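Student: what shape does this take:
(chains A, B and C)
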Amino acid sequence: MLAAILVMALGAVLLGAALGYAAVRFRVEGDPLVEKIDAILPQTQCGQCGFAGCKPYARAIAKGEAEINQCPPGGDEGIHKLADLLGRDFKSLSAEHGIEKPKSVAIIDEQACIGCTLCIQACPVDAIVGAAKQMHTVIARQCTGCELCLPPCPVNCISMQPIAESAETWKWKYPAYRINPAPREAA
Amino acid sequence: MTSYLFIVLGAVLVNNVVFVRILGLCPFMGVSKKLETAAGMGAATTFVLTLGCGASFVIDRWLLMPNQLEYLRTLSFIVTIAAIVQLTELVIQKTSPLLHQVLGIYLPLITTNCAVLGIPLLNVSLRHNFLESLLFGFGSAVGFTLALILFAGIRERLEAADVPIHFRGTAIAMITAGLMSLAFMGFAGLDKYK
Amino acid sequence: MTVLQRLFSFNGGVKPAYNKEASTGLPIAMAPMPAQLVIPLHQSIGGTPRPLVAAGEYVLKGQRIGGADGDVSSAVHASTSGTVVAVEMRLMPHTSGLSARCVVIQPDGREEWIPRQPFDYRGATPEQTRDYLRDAGVVGLGGAVFPSYLKINPGKSGKLDTLVLNGAECEPFITCDDVLMRERAASILKGALIMREMLGAARVLIGIEDNKPQAIAAMEAAARAANEEAGHPAMQVVAVPTRYPAGGAKQLIRVLTGIEVPHGKRSTDYGVQCFNVATAYAIYEAIALGQPLISRIVTVAGNVARARNYEVLFGTPMRDLVDLCDPRPDSDRVIMGGPMMGLLMPADSVPVVKAANCVLVGSPKLFPAPPPEMPCIRCGECAKACPADLQPFELYWFSRARIFGKAQEYHLFDCIECGCCAYVCPSHIPLVDYYRFAKSEIWARETQKEAADVARERYEFRLLREERDKQEKAAKLAARTVAARATAAAALAAAEKPVITAADVAKKALITAALERARAQKAGVRQENTGNLTPGQQAEIAAIEARRAEIREMAKPHLRQDD
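Tutor: A predicted model of the protein is given here:
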């Protein structure tokens, strides 16, 4: 009996010492994974995932505090990429966080704009140009479609317009052919 | 000499840990979605299993058997393996944080991998000496890695293929594993050398 | 002078029916002037040129109407003299059916040229010559329309070993290069000589498929003449075995020189550059005659009674050309290019552009609808046929499952979309459509990623700016508080301890002096009636004083001592 206890105790002490040494010797600082996750996220900084931007969401995913299916602008495509990177299972986009919408840009109706600068303060990528009592306008190329400027506007003059297909954005279609069922013969 | 060769051959192909002994299925199913992660897992398990077999042999032959403490075998083997796995996890976290993140929970689960406990116990029952234990452990782990890599390659192809809806995911993976197991049974008799 | 030199072979390729005889019976004809020329601004790879004219302006033939914009861009010119009707969006010759900005010109029939003079390329620097070619609108006329001024660059080493002229024209139905070589061989070779000088090439190899014996003979004769004139045998015409796609740049380079240009590398790194014969002709016209690129030879073939080659001004509607050749009644489509690599046009009213080497009229009989796509049986025929040594079935699997990372690992972007794989597939899978889909998806994703990176930078800068503003405000507030506190403390200290200033001292001195004067004055003032007294008055005073003293003595015990 005593021998058994001594043997186990000896084993525990030796292994514990070895692990303690290893824990100090192989200490790891920082977390490069967050950068990799952030590179996949679409950077709209819209907050639909429930976090204050793309970087905080990336940190939460890395810590395991958030699911990978909370980002509507990234869409199913983004979820697949995250699933591949992290080895997690693919989950379809979580309905409570939003739906995937076609890419849009904000446009300000200049007749209605009163120059209050509230939308300029709201835009996370500084895509709105203007000053107090001056006309505001959205730089379409910089707009990510995050829709954060719509709520603050007191005269509701901002609307989202889907980006029209142009020669630069046109893509070849997936070559799927519709299979038509053969007409039924009269019995 | 040939006996050592046949021990390794037997462990890799004839008595493959996953396909013939049906041990270690948890990481086999869980980590084999991508080829790189499967290879990483296989390498980690090889390291753990070889060291584990050696350490278990030493503990068993020179600590437990002289003191008639054979009943402590399972307990002490598990403790040793747990320590080795922890060490492996620290090393992997340091050298490849991405692999560490991708393997995720499966890395510490090597501790509970029935293959990683089963092979040292088999060493004891087969009465291998130290070198034979090491080779047996190493061969089994190589067989495990082989199974994992083959399966990962097939699963990558399955992702692009036209699998019927109800078979997609784990179902077709299980069927594939069964078919591969049938194939590996064909190696039976390869290591008989008399 | 087909020198018996060693020819190499490339893997794969197919031998379809060529159907070239129909369009080579007659010489090149000039296409008649259309009622309106619709000239798209974007006719080459790279950025869209900016319009240099506006509606209502009069333009001369060869006048620049679109200026090159950006690093990779080529100018566009008016194909004839006339009035600019509009600069507006019109249907462009692309499968998408989208519109692009075009300059619409109403010809005035006078065909008045801009002043033309040859360009002295020997006297100019290479950059000046390249700028001249850019502004002359010269692009690759083999179909890829890559701006030639970028290709006429000898690369890092400063000179090339071999200049390859591509007269192979491997695609069925197309014969524009064939007839060009038959009729204008001398001009082509003059252009080749110019290019040879600019590239510093040691030799010029002209590759022509051996199904064009007349073109070979014409080019050989011209080459002989050119070599005699130059004095050394730099030009060689080489007949290459007919196989599609021997006219692919990398394939032709391999056949003529044996060099296999690997993935990701340019042929100039290996001392070779390849140009189409029509491009050489265009360079000759631009430099030796001062004429910008305003027309090209176009084959009109397919479901027509009289297939022929025409010299067509850019901007001519394809319908005009088709009508010239008497299309059969069951024609239902127009393809720009050949049957292997051509693009289906959305309508036959689209204009002829620099990329249009052929206008192919199709019908259900000539190009029957493909049978339905069947599952891939991994037979490997496509890999055997691929001239770029790729694995089309792997590319197909991954493009189909939208696993684009793996598709790129199998070198998707090295695919030249020649169509050999789809041609041989026993399951009738439209393989090239899958690759085009995958490529455009990958490009779209890359653009998205770049936009996301820019957005991330802007967001982080905005956070930084807000932080900086906050800090500046806090710093200002702190500084103000400190300053306020300091002034308050100073005021308090001044009130407790009066400071004796020089003014105070002077004031005091004045007061003292005034007091002194007053005292002195008081002291100096004497009772004046006691001076100069007469003895009688003195006696009286003495008597009064005595009497006062007597009364005082008597009153002393009765008075207090404060008298």
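
Student: name the helix or strand of the chain that has the lowest mean pLDDT.
Tutor: No chain was given, so I picked chain A. helix A:75-86 (a mean of 82; mean pLDDT, DSSP states H and E).

Student: chain C is the one I meant
Tutor: When the helices and strands of chain C are scored by mean pLDDT, DSSP H and E, helix C:502-524 comes last with a mean of 82.

Student: before we move on, what about chain B?
Tutor: Confidence across the helices and strands of chain B bottoms out at helix B:97-103, with a mean of 78, counting by mean pLDDT, DSSP H and E.

Student: if we can go back for a sec, which residues does the least confident helix or strand of chain A contact?
Tutor: Here helix A:75-86 makes contact (Cβ atoms under 8 Å, 6 or more residues apart in numbering or on different chains) with A:36-37, A:40-42, A:61, A:68-69, A:71, A:74, A:88-93, A:100, B:34, B:101-102, B:104, C:445. Any C-beta I mention is one placed from the backbone N, CA and C, and that applies to glycine too.

Student: again with stretch C:332-341
Tutor: Residues outside stretch C:332-341 that contact it (Cβ under 8 Å, 6+ apart) are C:16, C:93, C:143, C:171-174, C:244-245, C:302, C:318, C:322, C:342-345, C:347-348, C:350, C:355-364, C:367, C:417-420, C:423.

Student: OK, contacts around the closest residue to chain B within the stretch 151-300 of chain C?
Tutor: Residue nearest to chain B within the stretch 151-300 of chain C: C:His263 (22.0 Å; Cβ to the nearest Cβ). Contact analysis of C:His263 by Cβ under 8 Å, 6+ apart lists C:His411, C:Asp414.

Student: gap between the longest helix seen in chain C and the chain center?
Tutor: Determined from DSSP state H, the single longest helix within chain C is helix C:431-496. Computed by Cα atoms, centre = their mean, to the nearest Å, the chain-centroid distance of helix C:431-496 equals 30 Å.

Student: just confirm yes or no for that helix near chain A.
Tutor: Yes - judged by Cβ under 8 Å from any Cβ of the partner chain, helix C:431-496 and chain A are in contact via C:433-434, C:436-437, C:439-441, C:443-445, C:448, C:451-456, C:458-459, C:461-462.

Student: and those, which are buried?
Tutor: Burial by neighbour count, 16 or more other Cβ atoms under 10 Å in any protein chain shown: within the residues of helix C:431-496 next to chain A this picks out C:Asp433, C:Tyr434, C:Arg436, C:Phe437, C:Lys439, C:Glu441, C:Ala451, C:Ala452, C:Ala455, C:Arg456, C:Arg458, C:Tyr459.

Student: sorry, back to before: does chain B sit close to the longest helix of chain C?
Tutor: No - using Cβ under 8 Å from any Cβ, helix C:431-496 stays clear of chain B, coming no nearer than 12.0 Å.

Student: what angle do that helix and helix A:75-86 make?
Tutor: Going by axes from the mean of the first three to the mean of the last three Cα atoms, to 10 degrees, helix C:431-496 is angled at 80 degrees with respect to helix A:75-86.

Student: of the contacts of helix A:75-86, buried ones?
Tutor: Buried, going by 16+ other Cβ under 10 Å: A:36-37, A:40-42, A:61, A:68-69, A:71, A:74, A:88, A:93, B:34, B:101-102, B:104, out of these.

Student: per-residue pLDDT, the residue in chain B that chain C sits nearest to?
Tutor: Relative to chain C, the nearest point of chain B is B:Ala160 (3.7 Å; Cβ to the nearest Cβ). You'll see B:Ala160 listed with a pLDDT of 84.

Student: can you give me the helices in the stretch 101-250 of chain C?
Tutor: C:126-135, C:148-151, C:176-183, C:185-199, C:213-230, C:249-257 (DSSP state H, counting those that start in this stretch).

Student: let me have those helices in TSV, extended by mean pLDDT and mean neighbour count.
Tutor: Below are the helices of the stretch 101-250 of chain C laid out as TSV (pLDDT from 0 to 100; neighbours: other Cβ atoms under 10 Å in any protein chain shown):
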stretch	mean pLDDT	mean neighbour count
helix C:126-135	92	18
helix C:148-151	91	23
helix C:176-183	95	24
helix C:185-199	93	22
helix C:213-230	92	17
helix C:249-257	94	24
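
Student: what about those, which gets the closest to chain A?
Tutor: Of the helices of the stretch 101-250 of chain C, nearest to chain A by Cβ to the nearest Cβ is helix C:148-151, at 20.4 Å.

Student: run a quick neighbour tally on C:Ala549.
Tutor: 9 (other Cβ atoms under 10 Å in any protein chain shown).

Student: now do the buried residues in the helix or strand containing it.
Tutor: Element membership for C:Ala549 (DSSP states H and E) is helix C:535-555. Buried residues in helix C:535-555, counted by 16+ other Cβ under 10 Å: none are found.

Student: from the chain's centre, how far out does that helix sit?
Tutor: Relative to its chain's centre, helix C:535-555 lies at 134 Å (Cα atoms, centre = their mean).

Student: which non-adjacent residue is nearest C:Met89?
Tutor: Closest residue in space to C:Met89, ignoring its immediate chain neighbours: C:Ser99 at 4.0 Å, by Cβ to Cβ, 6 or more residues apart in numbering or on different chains.

Student: which strand residues bridge the one you found?
Tutor: Applying DSSP bridges to C:Ser99 gives these bridge partners: C:Leu91.

Student: burial count for it?
Tutor: As a burial measure, C:Ser99 scores 16 neighbours (other Cβ under 10 Å).
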